[in-house]
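Novice: give me a model of this one.
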Amino acid sequence: QVQLVESGGGLVQAGESLRLSCVVSGSFSSINGMGWYHQAPGNQRILVARITRDSKPSYADSVKGRLTISRDNAKNSVYLQVNSLKPEDTGVYYCNAQIVDYTTGAYRSNLYWGQGTQVTVST
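Specialist: Numbers count the residues shown, from 1 in each chain. So this is what the prediction gives:
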């Protein structure tokens with residue numbers, strides 16, 4: 001069973017920085033793309049950053065310059081550095097990962113989600 005666990009959220013003041021982490025565990029063959037999503041209170045979950053298996057990042061226009069996504073394939077982990085936090089960054093941050101499994105002889109690729117980590121930015 002594959003599990004994604006986020007960490008690193010918390011209560012911070014505007015202008016500060018946070019580094020969110022997401023670790024993938026369980027039985028699988030490899031991890032393709034990984035991403036971070038933000039769900040502000042009362043809003044839909046939106047993609048803010050994603051990264052390919054060979055670490056090519058892409059970002060939502062609204063957060064370019066403040067966010068940096070990275071991954072460590074040896075640790076099955078993806079990270080999100082968020083700088084210059086704003087009150088509108090408040091919400092739950094979720095990671096997802098495209099998990100590939102061919103240990104059974106059949107190729108399978110499924111998208112898994114973590115349960116999220118809460119970030120609250122105060123003024």
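
Novice: which strand or helix spans the closest residue in space to Ala49 that isn't next to it in sequence?
Specialist: Nearest residue to Ala49 in three dimensions, chain neighbours excluded: Ile69, at 4.0 Å (CB to CB, 6 or more residues apart in numbering). (Glycine included, C-beta is placed from N, CA and C.) Assigned by DSSP states H and E, Ile69 falls within strand 67-72.

Novice: please name the strands paired to that strand in the sheet, noting orientation.
Specialist: If you go by DSSP bridges, strand 67-72 pairs up with strand 77-82 (antiparallel).

Novice: could you identify the helix or strand that succeeds the strand it pairs with?
Specialist: For strand 77-82, the following helix or strand on the C-terminal side (DSSP H and E) is strand 91-101.

Novice: and what about Ser21, helix, strand or coil?
Specialist: With DSSP: H, G, I helix; E, B strand; the rest coil as the basis, Ser21 sits in strand.

Novice: pretty sure it contacts Asn76?
Specialist: No. In this structure, Ser21 is not within contact of Asn76 by CB atoms under 8 Å, at 11.2 Å.
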